[in-house]
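Asker: Sequence first, then the predicted structure, then my questions.
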Amino acid sequence: MTESPKAAMADPAEIERALARVKAARQAIVSELRKVIVGQDDPIDQVLVAMFAGGHCMIQGPPGTAKTLLATCVAQVMDLSFKRIQFTPDLMPSDISGTEILEEDQTTGRRMLRFAKGPVFSNIVMADEINRTPPKTQAALLEVMQERQVTLGGRTYPLPEPFYVIATQISLEQEGTYPLPEAQQDRFMLTISMNYLPERSEAQVVRRSTGAEAVELQKVIGATDLLAFAQAVRQVTLPPALSRYVVDLVASSRPTVPGCPDFVKEYVAWGAGLRASQNIALAAKSAAAQDGRSTVEPQHIRKAIVPVMRHRIGLSFRAEVDHVSVEDVIRRLTQACPEPPSH
């Protein structure tokens, strides 16, 4: 979970101006991304929700659905440094975070260790096919995602700000995959689903990608803007009734909690934890800020529930037998926990 920025704005007028800048930036970014990304409006919105809140995201989907393209285009439009790591079975932790190299001073002959920074020292790190590599290497991302730093040889090296991990994951049914540990899945604010395009949108992609016209993306914002946006997002108000609803909804996903629905006891092996509640609230605040609103409304919570919870609920064997998906469980949870009336 991203820690709250140290600075805080108290002036309501200043907050309104900051939210207006967030809304305008979001509209400009989406306009630029649509020059290249076709028919994936929901994934674009969800990536921006995570990034404006300072969170990491996982993108899932079949090959050829613009997962990598979305990450690279976001980096261009936001003028951020970008590194892509192709996760493979032989990838080592030092290939991610960096390593110490023994060097000799040519003038004095003295030997010393120099830290060679790995690809995580970038604003956006794309962890491509993250479940292709063994757990030992996956764990190298744990510290950088949570603490935003690398520790090696007793020294700590801070990562550039802002820092985001955008990971892609291939189908677990394929050979040579290693499921992500629960602790690492929990570090991702959202899991975003990118599916095949409708026929008309796919035809549009084919015409664009095989044509001679080159699309040039314009830079809309920079790193300092994103840091300011993350601060503005946290100034959005979450009404007490909605915060209680979020906590109740997440708690009802836990089969060990007394009073949880019967279908949860039947189909859920482990439910969502505290970070789910925190990230639903923060994602809803980010969505509200991008609408230019200073208070979270029920529709903002609704937009956050599925992408926040879909990787935080583990299904039982019975769910697999009955062909029940995580999305089915979440849908039934929202039906069992009615949201409070809007005022």
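Answerer: Arrived safely, thanks for sending.

Asker: residues touching the nearest residue to G98 once chain neighbours are set aside, list them.
Answerer: Excluding the flanking residues, the one nearest G98 by CB to CB, 6 or more residues apart in numbering is G118, at 3.5 Å. To be clear about C-beta, it is placed using only N, CA and C from the backbone, and glycine gets the same treatment. By CB atoms under 8 Å, 6 or more residues apart in numbering, the residues touching G118 are S94, D95, I96, S97, G98, T99, V150.

Asker: Neighbours of the nearest residue to N195 once chain neighbours are set aside, how many?
Answerer: Spatial nearest neighbour of N195, excluding adjacent residues (CB to CB, 6+ apart): G61 at 5.9 Å. As a burial measure, G61 scores 19 neighbours (other CB atoms under 10 Å).

Asker: Listing request: residues of the stretch 51-200 of the chain with sub-threshold pLDDT.
Answerer: Filtered on pLDDT under 70, the stretch 51-200 of the chain yields the residue ranges 171-175.

Asker: can you give me the helices in it?
Answerer: Using DSSP state H, counting those that start in this stretch, the helices of the stretch 51-200 of the chain run over 67-77, 93-97, 135-138, 140-147, 182-185, 199-209.

Asker: closest to G39 out of those helices?
Answerer: Smallest distance to G39 across the helices of the stretch 51-200 of the chain (CB to CB): 3.3 Å, for helix 199-209.

Asker: and the gap between the residue nearest to G98 and E103?
Answerer: 17 Å (CB to CB, to the nearest Å).

Asker: quick revisit: of all the helices of the stretch 51-200 of the chain, which one comes closest to V264?
Answerer: Of all the helices of the stretch 51-200 of the chain, helix 182-185 comes closest under CB to CB, at 17.4 Å.

Asker: Can you tell me how far the residue nearest to M189 when sequence neighbours are not counted is from F163?
Answerer: Spatial nearest neighbour of M189, chain neighbours left out: G55 (2.9 Å); criterion: CB to CB, 6+ apart. Distance of G55 to F163, given as CB to CB: 11 Å.

Asker: if we can go back for a sec, now mean neighbour count too, for the helices of the stretch 51-200 of the chain, in CSV please.
Answerer: Output for the helices of the stretch 51-200 of the chain, formatted as CSV (neighbours: other CB atoms under 10 Å):
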stretch, mean neighbour count
helix 67-77, 20
helix 93-97, 19
helix 135-138, 17
helix 140-147, 19
helix 182-185, 15
helix 199-209, 12
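
Asker: CSV for these, including distance to G176?
Answerer: Formatted as CSV, these follow (distance: least, CB to CB, whole Å):
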stretch, distance to G176
helix 67-77, 19
helix 93-97, 18
helix 135-138, 14
helix 140-147, 19
helix 182-185, 18
helix 199-209, 29
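
Asker: looking at those, which is closest to R318?
Answerer: Closest among these, once you apply CB to CB, is helix 182-185, at 19.6 Å.

Asker: In terms of secondary structure, what does the closest one contact?
Answerer: Helix 182-185 sits against helix 140-147, with contacts defined as 3 or more CB pairs under 8 Å, 6 or more residues apart in numbering; DSSP states H and E.

Asker: Mind pulling up the pLDDT for P5?
Answerer: In this model, P5 is scored at 46, pLDDT.

Asker: swap in the one 4 residues further on?
Answerer: At M9, the model reports a pLDDT of 49.

Asker: show me the contacts for the residue nearest to M189.
Answerer: T2, Y164, F188, M189, L190, N279, L282, A283.

Asker: Test my guess that the last one contacts P307.
Answerer: Same thing as A283. Yes. At 7.3 Å, A283 counts as touching P307 under the criterion of CB atoms under 8 Å.

Asker: still on that earlier bit, from T156, how far off is the residue nearest to N195?
Answerer: Taking CB to CB, one finds G61 at 36 Å from T156.

Asker: Going along the chain, name the strands of the stretch 151-300 of the chain.
Answerer: 155-158, 164-169, 190-193, 268-270 (DSSP state E, counting those that start in this stretch).

Asker: partners of the first one, with directions?
Answerer: Based on DSSP bridges, the pairing partners of strand 155-158 within the sheet are strand 149-152 (antiparallel).

Asker: And for the shortest one?
Answerer: Strand 268-270 has its sheet partners listed here by DSSP bridges as strand 314-315 (antiparallel).

Asker: Equivalent analysis for the third one, please.
Answerer: Sheet neighbours of strand 190-193, with direction, are listed as strand 57-60 (parallel) (DSSP bridges).

Asker: who touches the partner strand?
Answerer: For strand 57-60, using CB under 8 Å, 6+ apart, the contacting residues are 43, 46-47, 50-51, 67, 70-71, 130, 164-169, 185, 188-194, 311.

Asker: Next up, the contacts around M126.
Answerer: T68, A71, T72, F82, K83, R84, I85, V165, I166, A167, T168.

Asker: what bridges to it?
Answerer: Beta-bridge partners, per DSSP bridges, of M126: R84, I166.

Asker: Verify the contact between S201 and I37 for me.
Answerer: No. Between S201 and I37 there is no contact under CB under 8 Å: 10.3 Å.

Asker: coming back round to it: dump the strands of the stretch 151-300 of the chain to JSON lines, plus mean neighbour count.
Answerer: Below are the strands of the stretch 151-300 of the chain laid out as JSON lines (neighbours: other CB under 10 Å):
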{"stretch": "strand 155-158", "mean neighbour count": "12"}
{"stretch": "strand 164-169", "mean neighbour count": "25"}
{"stretch": "strand 190-193", "mean neighbour count": "22"}
{"stretch": "strand 268-270", "mean neighbour count": "18"}
